[in-house]
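1. quick one, structure for this:
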Amino acid sequence: MFHAANAGTGRAVPAKVLTNADLEKLVDTSDEWITTRTGIRERRIAGWNETTASLAAVAGRRAIAVAGLEPTDIDMIIVATLTPDYWMPSTAALVKQAVGAERAAAMDVAAACSGFVYAYSVAHAQILAGFARHVLVVGAEVLSRFLDYADRNTCVLFGDGAGAVVLSAATEPGGAKGIELTTDPAGAYKIWLPAGGAAAPASGETVAGRGHFLRMEGRETYRYATRTIATTALAAIDRAGWAPEFIDLLVPHQANLRIIESVSKGLGFPMERIFINLDRYGNTSAASVPIALAEAVDAGRVHPGDRIVFVAFGAGFTSGAVAMEWTADPAAAVRAASIGPDSVHVVIPDDWDSVGPVPEVLVRVFAAKGIDVTAAGKRTATPAAPEGPATEPAPDPRPGRPVRSRRAVAGRGPGPSEPMHPGAESPSPTTEAIA
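-> The predicted model follows:
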């Protein structure tokens, strides 16, 4: 009998940091309020040459290296995201090409902030069923491009980034021992993005109505999350045949510090055994758990044989938790040291140009600090070195847009992504939380 063992982890976050002080200039909020109500201090923002696929590819490539594998060893790639590069093809297909996983099947999973847990459960089942030996699971988001920076209830909460795990078939016991997944459609419209789907296709009216931005009922979401995260985690622990007191580390969805404190109290689980990095990243949705998990491993908080639980809650309302016995060697992280943005190459279409993907309001915020987040500094008055310029540019690319090319374009991985360092952000005075 095979077990689905954790073989390697990786993460990638943009270098650009948006602080609470920056947000004070955009909406009616304050650093003090955001920090005390949510625990978030800053968040990461993708630059012009960074997308969900490029961040996912770097995190995935790092996880593959840590696992001691080659990209061609991967049988399946599952990307959890609510901010895909395109509605089609799947972001997973772009990641497959970018990392060089020639043999892999690839698909996306959509379960919002719970997406990584859902994707992990699919990978686990694929291995136990004998359909795959090595599966790359990625949670990746570029939420900054789906936020209304005039809405203080949402824009202060989210950030961009990606995290990844490789699951591998193993004969030795280990890996997931208990998995719990839930969905309560009563909360379907508590966190949602109204336009752009079949129910409300993009039109002049949906754009004018700001229907392409994320919306949330914060108080309702907060109340539901505090109940559901605890019960879902307990269900996974129970399925594993364990008790909370025997868990070495809890890695929760990084949405709000007060939610995490409530879960700690509800489970009777000490805060010192809970991993937290939301102060530096904010809520990165499906990327939240895998980024935190990878950081916990690198920080020496996780060791082979440890009993780990990760749990998430998100739009839908969805929730998911995995109780596992850790198997990967933390020392193997050095294998990913040389992997950066230039290690992956995301091919972009030759007949379509992205129109300055970084929100104009953020371009101005960063420009005021002398930081360029646009293509080769062509959209700001303050020149700055581009984060990851294309190595094979077409002649005269349009300002602020990716280079058109049928060839692989270097630098579509995260800009100077920081190998593993949490980033934080926070909500505004009227925001309770978000999952």
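
2. just the helices in the stretch 301-435 of the chain please.
-> 360-368 (DSSP state H, counting those that start in this stretch).

3. secondary structure element holding Ile291?
-> helix 288-298 (DSSP states H and E).

4. counting contacts, what elements does that helix pack onto?
-> Applying 3 or more Cβ pairs under 8 Å, 6 or more residues apart in numbering; DSSP states H and E, one finds that helix 288-298 contacts strand 3-12, helix 52-66, helix 115-128, strand 134-142, strand 160-170, strand 249-252, helix 278-281, strand 307-314. Every residue, glycine included, has its C-beta placed from N, CA and C.

5. how about the ones you listed in a markdown table, adding mean neighbour count?
-> Output for those, formatted as a markdown table (neighbours: other Cβ atoms under 10 Å):
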| stretch | mean neighbour count |
| --- | --- |
| strand 3-12 | 28 |
| helix 52-66 | 33 |
| helix 115-128 | 25 |
| strand 134-142 | 32 |
| strand 160-170 | 30 |
| strand 249-252 | 25 |
| helix 278-281 | 26 |
| strand 307-314 | 28 |
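
6. nearest to Phe366, out of these?
-> Nearest to Phe366 among the helices and strands packed on helix 288-298 is strand 160-170; the distance by Cβ to Cβ comes to 13.5 Å.

7. show me the beta-bridge partners of the closest residue to Gly161 other than its chain neighbours.
-> Nearest residue to Gly161 in three dimensions, chain neighbours excluded: Val13, at 4.0 Å (Cβ to Cβ, 6 or more residues apart in numbering). Bridge pairing for Val13 (DSSP bridges) gives the partners Glu418.

8. was I right about Val13 contacting Asp160?
-> Yes. Contact criterion Cβ atoms under 8 Å: Val13 and Asp160 qualify, at 7.2 Å.

9. what touches both of these two?
-> Arg44, Leu55 (Cβ atoms under 8 Å, 6 or more residues apart in numbering).

10. ok, which of the helices and strands packed on helix 288-298 comes nearest Ile179?
-> Nearest of the helices and strands packed on helix 288-298 to Ile179, taken as Cβ to Cβ: helix 115-128 at 5.1 Å.

11. can you give me the strands in the stretch 251-400 of the chain?
-> 307-314, 318-325, 345-347 (DSSP state E, counting those that start in this stretch).

12. now the last one, how far from the chain's geometric center?
-> Relative to the centre of its chain, strand 345-347 is centred 19 Å away, using Cα atoms, centre = their mean, to the nearest Å.

13. likewise for stretch 271-283?
-> On Cα atoms, centre = their mean, the centre of stretch 271-283 falls 14 Å from that of its chain.

14. if we can go back for a sec, could I get the strands of the stretch 251-400 of the chain in JSON lines, plus columns for distance to Ile229?
-> Shown next, in JSON lines, are the strands of the stretch 251-400 of the chain (distance: least, Cβ to Cβ, whole Å):
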{"stretch": "strand 307-314", "distance to Ile229": "5"}
{"stretch": "strand 318-325", "distance to Ile229": "7"}
{"stretch": "strand 345-347", "distance to Ile229": "34"}
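
15. now these in CSV, with mean pLDDT and distance to Ala202?
-> Supplementary listing: those in CSV, determined by pLDDT from 0 to 100; distance: least, Cβ to Cβ, whole Å:
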stretch, mean pLDDT, distance to Ala202
strand 307-314, 97, 24
strand 318-325, 97, 25
strand 345-347, 90, 24
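
16. ok, which of the ones you listed comes nearest Val122?
-> strand 318-325 (11.0 Å).

17. strand partners of that closest one, parallel vs antiparallel please.
-> Here strand 318-325 is paired, per DSSP bridges, with strand 175-183 (antiparallel), strand 307-314 (antiparallel).

18. Throw the ones you listed into TSV and include distance to Val334, thanks.
-> TSV is the format used below for the strands paired with strand 318-325 (distance: least, Cβ to Cβ, whole Å):
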stretch	distance to Val334
strand 175-183	23
strand 307-314	21
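
19. and those: which comes nearest Met88?
-> strand 307-314 (22.2 Å).

20. give me the most central residue, the protein.
-> Ala287 (1.8 Å; Cα atoms, centre = their mean).

21. what separates it from Ala56, distance-wise?
-> Per Cβ to Cβ, to the nearest Å, Ala287 is found 9 Å from Ala56.

22. okay, and the common contacts of these two?
-> Ala140, Ala162.

23. in terms of contact, does Ala5 touch Val165 like I think?
-> No. Using Cβ under 8 Å, Ala5 is not in contact with Val165; the gap is 10.6 Å.

24. okay, now Thr81: neighbour count?
-> Residues lying near Thr81 (other Cβ atoms under 10 Å) number 31.

25. Gly68 and Ala7, how far apart?
-> Applying Cβ to Cβ to Gly68 and Ala7 gives a distance of 7 Å.

26. could you look up the SS state of Thr154?
-> coil (DSSP: H, G, I helix; E, B strand; the rest coil).

27. burial of it, as a residue count?
-> By other Cβ under 10 Å, neighbour count at Thr154 equals 24.

28. gap between the two ends of stretch 104-124?
-> 16 Å (Cα to Cα, to the nearest Å).

29. chain center to it: distance?
-> The answer for stretch 104-124 is 12 Å, by Cα atoms, centre = their mean.

30. and stretch 249-262, by the same measure?
-> 16 Å.

31. could you tell me the end-to-end distance of it?
-> First-to-last residue span, stretch 249-262, Cα to Cα: 16 Å.

32. buried ones in that stretch?
-> Of all the residues in stretch 249-262, those buried under the rule 16 or more other Cβ atoms under 10 Å are 249-260, 262.

33. next one: stretch 203-220
-> Gly211, His212, Phe213, Leu214, Arg215, Met216, Glu217, Gly218.
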